[in-house]
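**Q** Need a 3D model of the sequence below.
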Amino acid sequence: MQDLLRAILLPDDRWQAAWLRWRAGADLDRLAPGAFRLMPLLYQRLRAAGWDEPWMGRLQGIHRHTWARNQMLLRDAADAARSLHQAGVPVMLIKGAAMISLTITTPDCAPP
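**A** Okay, the predicted model is just below:
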């Protein structure tokens, strides 16, 4: 898992060696849930680097699925917050939902 995190997060060329080490022992069909949740970030890293990887098609599908699911969750959260607000119940969004207004206009948040 450390090499996967390094592959996603390291800012310099060391990420590539970490990616190759992690990839050598990884099985996309048997990823732990924590590793699976990182696949959209891995996809973005590999795509930005122009990496030619046999997994890219599947990683792109995971990225798109995650994006679409997040859009539905955010829509549902907004509907719930609106209903509560209209009923006079104070609402405070926390974590990712609170930050969405800060990131919604950045290119990274555009649909895949």
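
**Q** Point out where the protein drops to low pLDDT.
**A** 98-112 (pLDDT under 70).

**Q** what's the helix or strand for the spatially closest residue to residue 49 that is not a sequence neighbour?
**A** Counting by C-beta to C-beta, 6 or more residues apart in numbering, the nearest residue to residue 49 once its immediate chain neighbours are dropped is residue 16, at 7.7 Å. C-betas here are computed from N, CA, C, even on glycine. Element membership of residue 16 [criterion: DSSP states H and E] is helix 14-25.

**Q** Tell me which residues are up against that helix.
**A** For helix 14-25, the external contacting residues (C-beta atoms under 8 Å, 6 or more residues apart in numbering) are 2-4, 6-10, 42, 45-46, 49, 51, 53, 55.

**Q** any idea which helix or strand comes after it?
**A** Sequence-wise, the next helix or strand beyond helix 14-25 is helix 33-36, with elements assigned using DSSP H and E.

**Q** Report the buried residues of the next helix or strand after that next one.
**A** Scanning the chain past helix 33-36 towards its C-terminal end, the next helix or strand to appear is helix 39-48 (assignment: DSSP H and E). Burial within helix 39-48, assessed by neighbour count using 16 or more other C-beta atoms under 10 Å, is assigned to 39-43, 45-46.

**Q** what's the answer for stretch 2-16, then?
**A** Of the residues in stretch 2-16, those buried by neighbour count under the rule 16+ other C-beta under 10 Å are 3-8, 15-16.

**Q** Would you point out which residue is most central in the protein?
**A** residue 40 (4.2 Å; C-alpha atoms, centre = their mean).

**Q** isn't that one right up against residue 58?
**A** No. Taking contacts as C-beta atoms under 8 Å, residue 40 lies outside contact range of residue 58: 11.7 Å.

**Q** one step back: and of the contacts of helix 14-25, the nearest to residue 35?
**A** Of all the contacts of helix 14-25, residue 4 has the smallest distance to residue 35: 5.9 Å, by C-beta to C-beta.
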